[in-house]
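S.K.: sequence unknown, structure follows:
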């Protein structure tokens, strides 16, 4: 792309390659979402209730972690291990070494990949990893996309999976900081909450500054 933005990235049909491009795209798209997108009241209420349930009163700041696996192919996959240095720095900065049940920072995890989910929970413990419906959501493994999974009642299962994705997006938008790959799910979290544009880190952007609480360098995909 060089110093110029592609038509696709400029108009939202592709992913920006640099931090400078991303700022332009995200500020414009957040304004469009605010003007034209309305989430149904019952879904907003469900998101409110789920956030209150998975982020208990008195918990510290929440870092949103979106991991896109399975059939991701437009951009390289970013595995969980690439996230760990920034998650560790966030948790340490905010006193995240407490025991189970103790107040402190939390990780809100959203992922389509069951292997990625297991890796994050194994590393940080279930008491530090908040998940939609306590992790009981549709996920896949390998290269099998969850949207290709068919159930006995296809219409109902497709609606359920779509609702899970929307709720994950709305809950990611409530986090204090967001770690993400190139993905429309976490992109829309930024659009729903434009404050996150400057409180997020995208592993697939060139030239994005690391958060002030991070220590050392973080390699990009």
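M.R.: Looks like it arrived, so ask away. On a predicted model such as this, the values are computed, not experimentally measured, just so you know. Residues are numbered from 1 along each chain as shown.
S.K.: what segments of this structure are helices?
M.R.: Assigned by DSSP state H, the helices in the chain fall at 7-10, 19-36, 41-54, 80-93, 114-124, 154-172, 184-192.
S.K.: least trustworthy helix or strand in the protein by mean pLDDT?
M.R.: Using mean pLDDT, DSSP states H and E, helix 7-10 stands out as the lowest-scoring helix or strand of the chain, at a mean of 42.
S.K.: any regions of the chain where pLDDT drops low?
M.R.: Across the chain, the ranges flagged by pLDDT under 70 are 1-14, 71-74, 96-103, 139-158, 215-221.
S.K.: give the contact list for residue 171.
M.R.: By CB atoms under 8 Å, 6 or more residues apart in numbering, residue 171 lies in contact with 47, 50-51, 54, 64, 108, 110, 132. The way it works is simple: take the backbone N, C-alpha and C, and place the C-beta from them, glycine included.
S.K.: export those to TSV and append columns for neighbour count and distance to residue 172.
M.R.: Below are these laid out as TSV (neighbours: other CB atoms under 10 Å; distance: CB to CB, whole Å):
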residue	neighbour count	distance to residue 172
47	20	10
50	19	12
51	18	11
54	19	12
64	27	4
108	23	7
110	28	6
132	23	10
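S.K.: contacting residues for the residue positioned nearest the centre of the chain?
M.R.: Taking CA atoms, centre = their mean, the centroid of the chain lies closest to residue 66, which sits 2.9 Å from it. Contacts for residue 66 (CB under 8 Å, 6+ apart) come out as 110-111, 168, 172, 178-181, 183, 185-186, 189.
S.K.: nearest to residue 213 among those?
M.R.: Proximity of these to residue 213 (CB to CB) peaks at residue 179, which lies at 12.4 Å.
S.K.: quick one: buried residues of stretch 75-94?
M.R.: 75, 77-80, 82-83, 85-87, 89-91, 94 (16 or more other CB atoms under 10 Å).
S.K.: I should have written stretch 57-65 there, sorry.
M.R.: Using 16+ other CB under 10 Å as the test for burial, stretch 57-65 gives 60-65.
S.K.: restricted to strands, list those residues.
M.R.: 62-65 (DSSP state E).
S.K.: show me the contacts for residue 131.
M.R.: Applying CB under 8 Å, 6+ apart, we find residue 131 in contact with 54, 108-110, 117, 137.
S.K.: apply 7 Å and report the result again.
M.R.: The contact partners of residue 131, taken as CB atoms under 7 Å, 6 or more residues apart in numbering, are 54, 109.
S.K.: between the buried residues of stretch 57-65, which is nearest residue 162?
M.R.: Using CB to CB, these come closest to residue 162 at residue 64, 19.8 Å.
S.K.: excluding its backbone neighbours, what's nearest that closest one?
M.R.: Leaving aside its sequence neighbours, residue 64 sits nearest to residue 175 (CB to CB, 6 or more residues apart in numbering; 3.3 Å).
S.K.: just put the contacts of residue 66 in TSV and tack on distance to residue 20.
M.R.: Shown next, in TSV, are the contacts of residue 66 (distance: CB to CB, whole Å):
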residue	distance to residue 20
110	27
111	28
168	28
172	23
178	19
179	20
180	17
181	19
183	20
185	23
186	19
189	21
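S.K.: so for residue 198, which of the helices of the chain sits nearest?
M.R.: Closest approach to residue 198 among these is made by helix 19-36 (8.5 Å; CB to CB).
S.K.: give the other helices and strands that the closest one contacts.
M.R.: helix 184-192 (3 or more CB pairs under 7 Å, 6 or more residues apart in numbering; DSSP states H and E).
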